[in-house]
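A.B. asks: I'd like to go over a predicted model; first the sequence, then the structure.
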Amino acid sequence: MQLKKYITSNHEVLLYNGNPNLYILEELAKGTGDVWHSSLEQGFANCFQDLIYQTAVYWWFLNDIKNQDNCVCWRVNVNAFVVRETVWNQINGLDSQYESSIMSGLDFGYNLLRNQAGIPLNIKGLFPSEENDIQISKQDRYTFFFKNFKRQHPFYMMLRKGIFKFPSEYKAYNQAKKKAVKYVEKTIKPRDLNPIEGKPTVSLVIPTMRRQAYSQILLEDHKNQSYLIKEAVIVDATPEEERNDKYYKNEDFPFDVIVKWQTSKGSCRARNEAIELCSGDYIIFADDDVRVLPDFVENHIRLLQTYKAAACNGLDVMAENVNQDLSDLKKRLAKIEDKRWKVGVSSIFSNANSCVRREVVQELIGNDVNFDGGYGEDADFGLSILKAGHVLLHNPFSPNLHLKPPLGGYRWWGSEAKKKGKKRKIQPWELNKPVKNIVPKPSPTITYGILKHFTPSQIKEWRVKHFFLFLFKGGVKKIPVRLIQLPYKQLQFSKSLQYAKALINLGVRYK
């Protein structure tokens, strides 16, 4: 492929195919993206849904973002795109093992986003709108699966296509199995971080419960930052009789410490109450049981300013025990030095370590409190950032050490969910209809998030794969026992759906 060149005023070389609007390339080059296209206006929206046979509903980017002029999108039209020359050279161009150039473009965008730490963006108006009938051959479909995934995934896809399609699917499966060349890992290098521009202010949010001592340690870490926060906003649900007034004293810190004793239930409500008290230009969300190095805040701001992005997740490093400290974090980072340095679009959001521009947080209002008492609120918030047309990055420059103490914290509600009988505390998601004999699984809030963001056909495939894996993943010897367990597992799944649908009917809530 012979790509044309465009050289910016900063002497950066952009390569392009097709006929882009050259007048906007200058601004795009100053921004977040590595690759730009207009594929969503050219018939590529939500194409290649066969990805459900690998990812089911566990990858945010299975569905394209709607109603946004600019957004993250991996579905690249190979006949109309722009790429930074430095990025193009690092990934060595397109893969030529496909029958069609359309599949080569989709493979290019997919790997850029999911594996190579790249940032592909759909820019409305960059290229003319047009209609394309996207047809992907069976051969290309299986080649993609064999190239990018483990062998059980193309096999599972062949089974799911059904008995009537089996002969032609089996033929394509075998041909691709013989010829497909596995993906070779390539990672785009992070950009050099610029110094902080101006004097942006930063608010730190810490929701906590029965962990005052751990929250205090995090505040002590923030005393030693190269770039000090303006304020720490703590929403603490520790019962009044367990509180200790030696913690959170304003006179002990070079920043404001704002404490609100929480009377509502759940970490989502806690964060929303904290957001209302924040006044910084950026909000850092933290768990109460993390430790951070002195350049933590500075590197969050530098990364967002360098990439001109709205939000990022820091690198979350799990401690081996609760007694580890920052010296242990440095040792852990040294061990992953070769694998650590990648930015790119994040496919998760971490309430333990993230930084978001405050106007974006205000745009989203806050966390959906339907997740309180369960899991999945962080993924929902991160996906909401992307759906609003912003870019969420991974930030390897701002790691934390996650201590994970066995007691305290909002996961107390999660431990209550496993109990039965009178001793069990009613979960917020039960909506005054307590769980009785059948404990719902997966967690109803996880199921709620999936119902909220994915289509009925994708949810159906998720359920099929959920039980397929339950029956067969543990080996042949376990299948008879699991067949006996299957009816109860189905009841648990249906119960989870029942509670999740009740939350869907209730609608998104912030209070």
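C.D. replies: Perfect, thanks for sending it.
A.B. asks: residues touching the closest residue to L326 other than its chain neighbours, list them.
C.D. replies: Leaving aside its sequence neighbours, L326 sits nearest to R291 (Cβ to Cβ, 6 or more residues apart in numbering; 5.7 Å). Bear in mind the C-beta positions are built from the backbone N, C-alpha and C, glycine included. By Cβ atoms under 8 Å, 6 or more residues apart in numbering, the contact set of R291 is 217-218, 221, 325-326, 329, 400-401, 403.
A.B. asks: and of these, the nearest to M103?
C.D. replies: Within the contacts of R291, the smallest distance to M103 is 39.8 Å, found for N400 (Cβ to Cβ).
A.B. asks: mind giving me the domain ranges of this protein?
C.D. replies: As assigned by automatic domain parsing, the chain contains the domains 4-179, 202-402, 418-506.
A.B. asks: out of those, name the one with the poorest average pLDDT.
C.D. replies: The stretch with the lowest mean pLDDT among the domains of the chain is domain 418-506, at a mean of 90.
A.B. asks: on that earlier part again, can you name the next helix or strand after the one helix or strand the residue nearest to L326 maps to?
C.D. replies: If you go by DSSP states H and E, R291 is part of strand 290-292. Sequence-wise, the next helix or strand downstream of strand 290-292 (DSSP H and E) is helix 296-307.
A.B. asks: kindly list the longest strand within the chain.
C.D. replies: Among the segments of the chain that qualify as a strand by DSSP state E, the longest is strand 392-402.
A.B. asks: send me it as PDB with only the CA atoms.
C.D. replies: What follows is strand 392-402, C-alpha atoms only, in PDB (Å, rounded to 0.1, in the frame of the first residue of the first chain):
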ATOM      1  CA  LEU A 392      -9.800   7.000  28.500                       C
ATOM      2  CA  LEU A 393      -6.100   6.100  28.600                       C
ATOM      3  CA  HIS A 394      -4.000   3.600  30.500                       C
ATOM      4  CA  ASN A 395      -1.300   5.500  32.500                       C
ATOM      5  CA  PRO A 396       1.800   3.400  33.400                       C
ATOM      6  CA  PHE A 397       3.600   6.500  34.900                       C
ATOM      7  CA  SER A 398       1.300   6.600  38.000                       C
ATOM      8  CA  PRO A 399       1.300   3.200  39.700                       C
ATOM      9  CA  ASN A 400      -0.100   2.400  43.100                       C
ATOM     10  CA  LEU A 401       0.400  -0.500  45.500                       C
ATOM     11  CA  HIS A 402      -3.000  -2.000  46.300                       C
END
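A.B. asks: whichever of the contacts of R291 end up buried, select them in ChimeraX.
C.D. replies: A single ChimeraX command selects the buried members of the contacts of R291 (16 or more other Cβ atoms under 10 Å):
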select :217,218,221,329,400,401,403
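A.B. asks: could the contacts of R291 go into JSON lines alongside distance to K452?
C.D. replies: JSON lines is the format used below for the contacts of R291 (distance: Cβ to Cβ, whole Å):
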{"residue": "I217", "distance to K452": "35"}
{"residue": "L218", "distance to K452": "31"}
{"residue": "D221", "distance to K452": "35"}
{"residue": "D325", "distance to K452": "39"}
{"residue": "L326", "distance to K452": "38"}
{"residue": "L329", "distance to K452": "35"}
{"residue": "N400", "distance to K452": "28"}
{"residue": "L401", "distance to K452": "32"}
{"residue": "L403", "distance to K452": "31"}
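A.B. asks: ok, so of the contacts of R291, who is nearest K441?
C.D. replies: L403 (27.7 Å).
A.B. asks: so which residues of the stretch 101-250 of the chain form helices?
C.D. replies: 101-114, 138-148, 152-160, 166-179, 212-223 (DSSP state H, counting those that start in this stretch).
A.B. asks: may I see those organised as TSV, with distance to L386 added?
C.D. replies: Shown next, in TSV, are these (distance: least, Cβ to Cβ, whole Å):
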stretch	distance to L386
helix 101-114	11
helix 138-148	22
helix 152-160	25
helix 166-179	32
helix 212-223	28
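A.B. asks: and Y488, how many neighbours?
C.D. replies: 11 (other Cβ atoms under 10 Å).
A.B. asks: also the one 3 residues further on?
C.D. replies: Counted with other Cβ under 10 Å, the neighbours of L491 add up to 15.
A.B. asks: output the contacting helices and strands for the strand or helix carrying it.
C.D. replies: Per DSSP H and E, L491 falls inside helix 479-506. Using 3 or more Cβ pairs under 8 Å, 6 or more residues apart in numbering; DSSP states H and E, the elements in contact with helix 479-506 are helix 444-453, helix 456-472.
A.B. asks: and of these, who's closest to D140?
C.D. replies: So among those, helix 456-472 is nearest, using Cβ to Cβ, at 20.6 Å.
A.B. asks: could you list the residues in contact with that closest one?
C.D. replies: 52-53, 56-57, 62-63, 156, 160, 450-451, 454, 479, 482-483, 486, 489-490, 493.
A.B. asks: ok, stretch 502-511 next?
C.D. replies: Residues contacting stretch 502-511 (Cβ under 8 Å, 6+ apart): 269, 272, 365-370, 429, 431, 433, 444-445, 448, 451-452.
A.B. asks: list the contacts of Q49.
C.D. replies: Per Cβ under 8 Å, 6+ apart, neighbours of Q49: L62.
A.B. asks: coming back round to it: which elements pack onto the longest strand of the chain?
C.D. replies: Against strand 392-402 (3+ Cβ pairs under 8 Å, 6+ apart) you get strand 290-292, helix 296-307, strand 311-318, helix 326-335, strand 353-357, helix 377-387.
A.B. asks: one more pass at 7 Å, please.
C.D. replies: The contact analysis (3 or more Cβ pairs under 7 Å, 6 or more residues apart in numbering; DSSP states H and E) places strand 392-402 against strand 290-292, helix 296-307, strand 311-318, helix 326-335, helix 377-387.
A.B. asks: report the contact partners of D368.
C.D. replies: By Cβ atoms under 7 Å, 6 or more residues apart in numbering, D368 lies in contact with 268, 377, 380, 508-509.
A.B. asks: just the buried subset of those residues, please.
C.D. replies: Buried among these by 16+ other Cβ under 10 Å: 268, 377, 380, 509.
A.B. asks: which residues touch stretch 243-256?
C.D. replies: Residues contacting stretch 243-256 (Cβ under 7 Å, 6+ apart): 212, 216, 219, 223, 228-232, 234, 257, 259.
A.B. asks: between the contacts of D368, which sits nearest E169?
C.D. replies: Distance to E169, by Cβ to Cβ, is smallest for D380 among the contacts of D368, at 35.6 Å.
A.B. asks: I'd guess V259 is in a strand, am I close?
C.D. replies: Yes. V259: assigned to a strand according to DSSP: H, G, I helix; E, B strand; the rest coil.
A.B. asks: ok, and the closest non-adjacent residue to D325?
C.D. replies: R291 (6.5 Å).
A.B. asks: all good on my end, thank you.
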